[in-house]
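Asker: return atomic coordinates for the entry below.
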Amino acid sequence: MNVYARYGGRDAESPESRLSKESLLHTMREVLDAHELRRREPDSAAAREAVHPAPEKPVRPDDFPLIRKHHNGCLHCHQVQEYRLLQSYADGAFDTRLLFPFPLPENLGVTFQRDHGHRVARVEPGSVAEQHGLAPGETIVRAGKISVRSEEDFRWSLHRHRGLPELVLEVESAPVAGAPAPRRKVVLPLAEGWWKGDLSWRKSLRSYPVVWGFLGYSVGSEERRTAGLESDSLAIKVVSLRGQTGGVAQAVGLAKGDLIVGLEGETGLLTLEQFKSELLKRYTPGDEIRLEVLRNGKLHKLQGRFPPWFTTDRTVP
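Answerer: Predicted coordinates for the structure are as follows:
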């Protein structure tokens, strides 16, 4: 089987904010061109590079014994990711990078044109992309070993580059007077943790190997007025503590009824899922967490160490 492109992907905003009929058709046209090139010049370097490389270690069902043991029937995509997380933890091979698959191009400062898919619409000022010369209007045609024909192709390459020191891009400028579009290379150095993003929308969040140790919710307008809090501020009510040991709640000393109003001094509005996502983006086991809570009307500063990765789950709902 030959893979020419991948199309799809979403973010926390919505399932379709990165998709369009125009970009899908653009990807399909580029795939047909690549296939014709391979038919016409099968032995050329361009033809060989037109196909995405096969995974070094293909993932098969036998790699997930927990699926065979605990799951019957069809699997949804998010359940595959959940079993991947649970299996890696059970095997003692859990890696923080597993929490953040398919990073967004914005992590490197790049936003693509929605109706094209891999042409740069905007470069974030001060980002690594801007610092190394990537410019709006350029089209990314290759990222590492991946021929890019969609945003998802680019994200697939970013996925493969988590933990690597740099990403080599091949970019194409707009053609001038009908001449072939000039190409150049851009090398982006990759900082530690660049791949981390918003996890709040992922159903797999429920299977991450973290003991939160509490249940809560983002409070509504009436409770905010009572507590004297603004409508756009952080306000998560701790409604109960769970009896597990070693969790986040125990680590920082949360109590039932606490109103979490600050994270490292930041007070912006977050849902409970966004709050958990922020903790996972900021901390790994052993890092110090700092929270501000209202307890019986008084502000308290809590701190503690993020607990070790742990889960007793071996199956996915």
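Asker: residue contacts, the closest residue to residue 238 other than its chain neighbours?
Answerer: Nearest residue to residue 238, sequence neighbours excluded (CB to CB, 6 or more residues apart in numbering): residue 258, at 4.3 Å. Where you see a C-beta, it was placed from the backbone N, CA and C, and this is true even at glycine. Listed by CB atoms under 8 Å, 6 or more residues apart in numbering, the contact partners of residue 258 are 237, 238, 293, 294, 295.
Asker: ok, now residue 5?
Answerer: Contacts of residue 5 (CB under 8 Å, 6+ apart): 27, 30, 31, 52, 147, 149, 150, 152, 153.
Asker: make it 7 Å
Answerer: Residues counted as contacts of residue 5 (CB atoms under 7 Å, 6 or more residues apart in numbering) are 27, 30, 31, 149, 150, 153.
Asker: where in the chain is pLDDT low?
Answerer: Residues of the chain meeting the criterion pLDDT under 70: 244-245.
Asker: now do the helices in it.
Answerer: 21-40, 45-50, 65-70, 77-90, 128-131, 151-160, 221-227, 248-252, 272-282 (DSSP state H).
Asker: any idea which of the ones you listed is most buried?
Answerer: Among these, helix 151-160 has the highest mean neighbour count (mean count of other CB atoms under 10 Å), at a mean of 23.
Asker: and that helix with helix 21-40, angle?
Answerer: Counting by axes from the mean of the first three to the mean of the last three CA atoms, to 10 degrees, helix 151-160 points 70 degrees away from the direction of helix 21-40.
Asker: distance from helix 151-160 to the middle of the chain?
Answerer: 11 Å (CA atoms, centre = their mean, to the nearest Å).
Asker: now do the contacts for the nearest residue to residue 214 once chain neighbours are set aside.
Answerer: Nearest residue to residue 214, sequence neighbours excluded (CB to CB, 6+ apart): residue 249, at 4.1 Å. Residues near residue 249 by CB under 7 Å, 6+ apart: 212, 213, 214, 241.
Asker: measure residue 249 to residue 109 for me?
Answerer: Per CB to CB, to the nearest Å, residue 249 is found 36 Å from residue 109.
Asker: and if you look at residue 262?
Answerer: Distance from residue 262 to residue 109, by CB to CB: 28 Å.
Asker: what does residue 292 give?
Answerer: 31 Å.
Asker: please apply the same query to residue 19.
Answerer: 22 Å.
Asker: repeat for residue 236
Answerer: Taken as CB to CB, the span from residue 236 to residue 109 is 30 Å.
Asker: more crowded one of those two?
Answerer: Applying other CB atoms under 10 Å to residue 236 and residue 109 shows that residue 236 carries more neighbours, namely 23 against 20.
Asker: that one - nearest residue in space that isn't next to it in sequence?
Answerer: residue 260 (4.3 Å).
Asker: partner residues bridging the one you found?
Answerer: residue 236, residue 293 (DSSP bridges).
Asker: which residues touch it?
Answerer: 234, 236, 238, 291, 293.
Asker: from these, which two are the most distant?
Answerer: Comparing every pair within the contacts of residue 260 by CB to CB identifies 234 and 238 as the most remote, at 12.9 Å.
Asker: and stretch 8-19, what's buried?
Answerer: Neighbour-count burial for stretch 8-19 flags 9, 10, 18, 19 (criterion: 16 or more other CB atoms under 10 Å).
Asker: ok, back up a step: residue 59 versus the residue nearest to residue 236, what's the distance?
Answerer: 38 Å.
Asker: could I get the contacts of residue 260 as CSV with distance to residue 302?
Answerer: Converted to CSV, the contacts of residue 260 look like this (distance: CB to CB, whole Å):
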residue, distance to residue 302
234, 14
236, 13
238, 11
291, 5
293, 6
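Asker: just curious, which of those is nearest to residue 308?
Answerer: Using CB to CB, these come closest to residue 308 at residue 291, 19.0 Å.
Asker: any idea how far that closest one lies from residue 230?
Answerer: Using CB to CB, residue 291 is found at 18 Å from residue 230.
Asker: please say which of these two ends up with more neighbours.
Answerer: residue 291 (24 against 11).
Asker: how about the nearest residue to residue 250, chain neighbours excluded?
Answerer: Using CB to CB, 6+ apart, the closest residue to residue 250 is residue 213 (5.4 Å).
Asker: which one (most neighbours) among the contacts of residue 249?
Answerer: Within these, neighbour counts (other CB under 10 Å) peak at residue 214, which reaches 23 neighbours.
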